[in-house]
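Q: I would like the atomic coordinates for the input below:
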Amino acid sequence: MNCLIVGGTAGLGLELAKKLQPIYQTVHIVGRTDPEVESLTFKQMDLHSATIIEDIDTYIKDIPTIDLLVHAPGFYQEGTVTDLSTDEINQMVNVCLMSAVWFTRSILGKQLSLPAFVAVTSTSQYTPRLLEPIYTIAKAGLGAYANSLSLDKRVCKTLVAGPAGMKTKFHEGREVNMSTYLDPQWVASEIIELLDGEYSYKYARILREPAHSEIKELR
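A: This is a model prediction of the structure:
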């Protein structure tokens, strides 16, 4: 079996890759910077590239059948809709949302089925944030896309996991008190546990104070 983690080179995505590595024959990770973990198969990719659709199609054609796709890229962006440039807005949407569309489309076009899909969103999926308007669009859109994709019989299992703030480089350079933020290793373990079981769709929030998971929808 093979796993592909988009955004698997840092933070939660990398922690998921490390924990899934003993389970899968190969764990492929896509991102900007090689984490240099010997057991993982890295592919450098800019999800905001003008050629991203062609890049993804070429990449998917060259790798083995994917049994689990995890979509977990993300970065912090602050500013109202008029503060952000057109390129900044497009970058957030392309990285956090549209790349999920291109990867799932390419995989289904090649394989005709996808055994499992995990969309990592955020509490921003359902929480309005004055200075994160485009991030909330991307995460809410990703959650809705994954929910709709779960109705496609070619996708056997879909998990939407929305974690609260974590102690990662996501917040690097910001003055944020992360004392109550979640441990990404623990969040990765929670996601793997939530992925287990027989279902077609599951939506769970992974919250803090105290750290716990809430399953909001299951079918």
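Q: against residue 148, how distant is the residue most central in space within the chain?
A: For the chain, residue 72 is the residue whose C-alpha lies nearest the centre (C-alpha atoms, centre = their mean; 1.8 Å). According to C-beta to C-beta, to the nearest Å, residue 72 and residue 148 sit 19 Å apart. Using the backbone N, CA and C atoms, a C-beta is placed for each residue, glycine as well.
Q: can you give me the strands for this protein?
A: 2-6, 26-31, 41-44, 68-71, 116-120, 158-163, 201-207, 212-218 (DSSP state E).
Q: turn these into a markdown table, columns for mean neighbour count and distance to residue 93.
A: Formatted as a markdown table, those follow (neighbours: other C-beta atoms under 10 Å; distance: least, C-beta to C-beta, whole Å):
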| stretch | mean neighbour count | distance to residue 93 |
| --- | --- | --- |
| strand 2-6 | 24 | 15 |
| strand 26-31 | 23 | 18 |
| strand 41-44 | 16 | 21 |
| strand 68-71 | 25 | 14 |
| strand 116-120 | 25 | 15 |
| strand 158-163 | 26 | 18 |
| strand 201-207 | 20 | 21 |
| strand 212-218 | 12 | 24 |
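Q: of these, which is nearest residue 178?
A: strand 158-163 (13.5 Å; C-beta to C-beta).
Q: picking up where we left off before, and the strands of the chain as TSV, adding distance to residue 140 and mean pLDDT?
A: Listed next are the strands of the chain as TSV, based on distance: least, C-beta to C-beta, whole Å; pLDDT from 0 to 100:
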stretch	distance to residue 140	mean pLDDT
strand 2-6	18	98
strand 26-31	23	97
strand 41-44	28	96
strand 68-71	14	98
strand 116-120	11	98
strand 158-163	10	98
strand 201-207	12	98
strand 212-218	14	98
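Q: residue 191 reaches residue 159, doesn't it?
A: Yes. At 7.3 Å, residue 191 counts as touching residue 159 under the criterion of C-beta atoms under 8 Å.
Q: what do the two both touch?
A: Counting by C-beta atoms under 8 Å, 6 or more residues apart in numbering, the contacts common to residue 191 and residue 159 are residue 118.
Q: so where's the protein uncertain?
A: Low-confidence segments of the chain (pLDDT under 70): 171-173.
Q: helices of that one, start to end?
A: 11-20, 52-62, 86-93, 99-111, 133-149, 184-195 (DSSP state H).
Q: returning to what we had before: was I right to think the residue nearest to the centre of the chain contacts residue 121?
A: No. Using C-beta under 8 Å, residue 72 is not in contact with residue 121; the gap is 9.5 Å.
Q: picking up where we left off before, which residues touch the residue nearest to the centre of the chain?
A: Residue 72 touches 5-8, 11-13, 16, 118, 120, counting by C-beta under 8 Å, 6+ apart.
Q: what's the burial count for the closest residue to residue 39 other than its chain neighbours?
A: Residue nearest to residue 39 in three dimensions, not counting chain neighbours: residue 21, with 5.1 Å by C-beta to C-beta, 6 or more residues apart in numbering. Close neighbours of residue 21, defined as other C-beta atoms under 10 Å, add up to 15.
Q: cheers, nothing more for now.
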